[in-house]
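> Got a predicted model here, sequence first, then my questions.
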Amino acid sequence: MIGLALRNLWRNQRRSATTLLAMMIGMLSILLFGGYSRTVYYGLETDFVGRTGHLQLQRKDYFWFGSGDPQGYSLHDYQQLADEIRLDPVLAPLLRVVTPVLQFGGIAGNFDAGLSKLVIVQGVDVAAQNEMRRWNDYQLAITPDLLSMDPKVPNEAEIGVGVARMLQLCSQLTLPDCPAQEVNNEGSPDVGGSLLSADIAALATSQSDPSSPATSGAQLELLAASTGGAPNVNRLQINRAVTTGAKELDEVYLAMLLPQAQQLLYGEPGQQVTALQIQLQHSSDLELARSRLQQLIAEKWAAQPLEVHDFQTLNPAFGQITGMFAAIFGFITILISAIVLFTVGNTMSMAVLERTVEIGTLRTLGLRRSGIRRLFVSEGLLLGLTGAGLGTIMSLFFAALINQAGFSWVPPGNSNPVPITIRLWGEHQMLLSIAVTVVVVATISAWWPARRAAKQDVVDALRYV
């Protein structure tokens, strides 16, 4: 039956070739977009995991209320928690980095210019954070954006370009495309600004470390409310301004060393942070690590209420962006499948019409109705298998050409251009699922013409002209 179906397809080579070409182009469209979607997915995961880790251990309800009360939702004895995580026999083989982070709100000011604004402060361990940002489990062609602070210089920090722009630090940081604010000579805001500058400068001087070397260049004062409610100020040396890819984040971002952040918020470097970031070797181990951490919370860490969140919960944009690409991919798949359905259906309908006498002859020779159906369904199956195979080969070829072309773009949430790549090699599940979809659609589209062919009356088929 398969050999007979193959000869029938070969008999009308032009129509069969046109049908195969339509199927191959459909496969090419689906797989190229699918490969690009996989690249976007892996790129977003790499970025979010590099910045926040796969999992975070937080005090219970910090995720909902902690940004307004970081002192009340701090982790105590985080060093002991981190050591127990690193030494746990289940977690140890899975881990890559375990590092604390302290996040809170403050007021950054260039009070010599009478300017200040709200910022979100991140106190970090620079070495551990840079190691996290080097995570590249999917071998993407990206360069990680590493933190620039020197752990040996306690007052160093980096800010977003929006913070630098609003505090008029662009000239000190030599930032291009950074507009200067027009000076407003009306009213007397400068008087208040100069008085505030003197007060803050005195407080910053009293709080500064006398052993720190004198610095020059871009500086700002960071004001925060300490645990007791009293204001606390640190004077920071800004070594660079970075862009996060989002204007609203650029205007609030400030990163500094963890001990300095603890000194600012708690009054002294201590045993409190707002979260422990946990990065794994591979994302496939996330559920195992989460289950083990929840078990440790229930059995060993019941003294303080804790909870675990994964990177998708901490970064809702990840699910939103990947969900959008998944919806577009599904829509394209349905659209192309409909085109294949009608293309193969039209081809088989024409074959039934042209071979009416042949169908009558086969029935006269004893072939049953089910045999007629199997014959035409076999032709649809062969078309689907051939189209899926050739379409997959063509998609791999075009993906390789695009990957070597050197195209790039700046995706949402990124500040630097990234290469446009189509990730098909190694995506066996996607390749197989799309190929099976095309084969099934082609086979189903041949079933209705085959059913109509099988229902023909033998006498009417033999005298058809």
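Happy to help now that I have it.
> how's the protein carved up into domains?
2-44+319-462, 61-304 (automatic domain parsing).
> Lowest mean pLDDT among the helices and strands of the protein, which one is it?
Here the helix or strand of the chain ranked lowest by mean pLDDT, DSSP states H and E is helix 189-207, holding a mean of 50.
> After it, which helix or strand is next?
Next in sequence after helix 189-207, counting helices and strands by DSSP states H and E, comes strand 219-225.
> Can you tell me what sits against that next one?
By CB atoms under 8 Å, 6 or more residues apart in numbering, the list of residues contacting strand 219-225 from outside reads 104-111, 116, 119, 121, 157, 159, 167, 169, 200-201, 204, 231-238, 254, 256, 264-265. Bear in mind the C-beta positions are built from the backbone N, C-alpha and C, glycine included.
> List the strands paired with the helix or strand just after it, with their directions.
The element immediately downstream of strand 219-225 (helix or strand, assigned by DSSP H and E) is strand 231-242. Applying DSSP bridges to the sheet, strand 231-242 is found paired with strand 156-160 (parallel), strand 219-225 (antiparallel).
> Specify the stretch among the domains of the chain that is closest to T52.
For the domains of the chain, the distance to T52 is smallest for domain 61-304, at 6.3 Å, taking CB to CB.
> coming back round to it: which one of the strands paired with strand 231-242 is the most hemmed in?
strand 156-160 (a mean of 25; mean count of other CB atoms under 10 Å).
> Need the residues that contact that one.
By CB under 8 Å, 6+ apart, strand 156-160 touches 108, 119, 147-150, 169, 220, 222, 236-244, 249-257.
> following it, which helix or strand shows up next?
helix 161-166.
> Buried residues, whichever strand or helix holds S433. List them.
Taking DSSP H and E as the definition, S433 sits inside helix 428-454. If you call a residue buried by 16 or more other CB atoms under 10 Å, then helix 428-454 has these buried ones: 430-431, 434-435, 437-439, 441-446, 449-450, 452-454.
> same thing with stretch 395-407?
S395, L396, F398, A399, I402, N403.
> which residue sits closest to the fifth one, ignoring its sequence neighbours?
By the measure of CB to CB, 6 or more residues apart in numbering, the closest residue to I402 outside its immediate chain neighbours is I422, 5.2 Å from it.
> Shouldn't the one you found be within a strand?
No. Counting by DSSP: H, G, I helix; E, B strand; the rest coil, I422 is not found in a strand; it is coil.
> Below-threshold pLDDT in this protein: ranges please.
Within the chain, the stretches with pLDDT under 70 are 9, 181-217, 228, 355-359, 363, 411-416, 454-455, 457-465.
> got the angle for the longest strand anywhere in it vs strand 219-225?
Across the chain, the longest stretch assigned as strand under DSSP state E is strand 95-110. Angle between the axes of strand 95-110 and strand 219-225 is 100 degrees (criterion: axes from the mean of the first three to the mean of the last three CA atoms, to 10 degrees).
> Parallel or antiparallel, which strands does whichever helix or strand comes after strand 95-110 pair with?
Going down the chain from strand 95-110, the next helix or strand is strand 115-124, by DSSP H and E. With DSSP bridges as the test, strand 115-124 is paired with strand 95-110 (antiparallel), strand 253-257 (parallel).
> Make TSV from the ones you listed and add mean neighbour count and distance to Y78 to it.
Shown next, in TSV, are the strands paired with strand 115-124 (neighbours: other CB atoms under 10 Å; distance: least, CB to CB, whole Å):
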stretch	mean neighbour count	distance to Y78
strand 95-110	21	5
strand 253-257	23	16
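> Distance to G345 added to those, as JSON lines?
Compiled in JSON lines, the strands paired with strand 115-124 are given as follows (distance: least, CB to CB, whole Å):
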{"stretch": "strand 95-110", "distance to G345": "53"}
{"stretch": "strand 253-257", "distance to G345": "56"}
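> Quick check: which of those is nearest to L367?
Judged by CB to CB, the one of those that comes nearest to L367 is strand 95-110, at 65.1 Å.
> hang on, the earlier thing: out of the strands paired with strand 231-242, which is closest to S370?
Comparing those under CB to CB, the one sitting nearest is strand 156-160, at 70.8 Å.
> do you know how far the spatially closest residue to E427 that is not a sequence neighbour is from K300?
In space, and not counting its chain neighbours, E427 is closest to R38: 5.8 Å by CB to CB, 6+ apart. According to CB to CB, to the nearest Å, R38 and K300 sit 39 Å apart.
> Mind checking which of the two has more residues around it?
R38 (20 against 11; other CB atoms under 10 Å).
> and the more buried one, what does it touch?
Taking CB under 8 Å, 6+ apart, one finds R423, E427, M430 in contact with R38.
> Over to it. Which of the three states is it?
Three-state call for R38 (three-state DSSP): helix.
> do the same with the one 10 residues further on
Following three-state DSSP, we place F48 in the helix state.
> what about it, neighbour count?
18.
> wait, what's in contact with it?
So F48 contacts F311, L314, N315, F318 (CB under 8 Å, 6+ apart).
> How about A108?
So A108 contacts S116, K117, L118, V119, I159, V163, L167, L220, E221, L222, L223, L254 (CB under 8 Å, 6+ apart).
> Give me the neighbour count for the closest residue to it other than its chain neighbours.
Spatial nearest neighbour of A108, excluding adjacent residues (CB to CB, 6+ apart): V119 at 4.6 Å. V119 has 26 neighbouring residues, counting by other CB under 10 Å.
> shouldn't V119 be in contact with I107?
Yes. If you go by CB atoms under 8 Å, V119 and I107 touch, sitting 7.2 Å apart.
> hmm, back to that, would you quantify the distance from the residue nearest to E427 to D150?
Counting by CB to CB - R38 and D150 are separated by 38 Å.
> do N234 as well
For N234, the distance to D150 - CB to CB - is 16 Å.
> about what we covered before: just the contacts of F48 now: which is nearest D77?
L314 (22.5 Å).
> Got phi/psi on the nearest residue to the closest one once chain neighbours are set aside?
Once flanking residues are discounted, L314 sits nearest to T52: 5.3 Å by CB to CB, 6+ apart. Here is the backbone geometry of T52 (degrees, to the nearest 10): phi -120, psi -10.
> D137 now?
phi -60, psi -20.
> any idea of the angle the one helix or strand F33 maps to forms with strand 115-124?
Secondary structure from DSSP H and E places F33 in helix 13-52. Helix 13-52 and strand 115-124 meet at an angle of 100 degrees, taking the same axes, to 10 degrees as the criterion.
> Tell me the helix or strand right after helix 13-52.
strand 55-59.
> And for R292, the neighbour number?
18.
> helix/strand/coil for the nearest residue to it once chain neighbours are set aside?
Nearest in space to R292, with sequence neighbours left out and distances taken as CB to CB, 6+ apart, is V90 at 4.7 Å. Of the three states, V90 takes coil under three-state DSSP.
> List phi and psi for V90.
When read as degrees, to the nearest 10, the backbone of V90 gives phi -80, psi -40.
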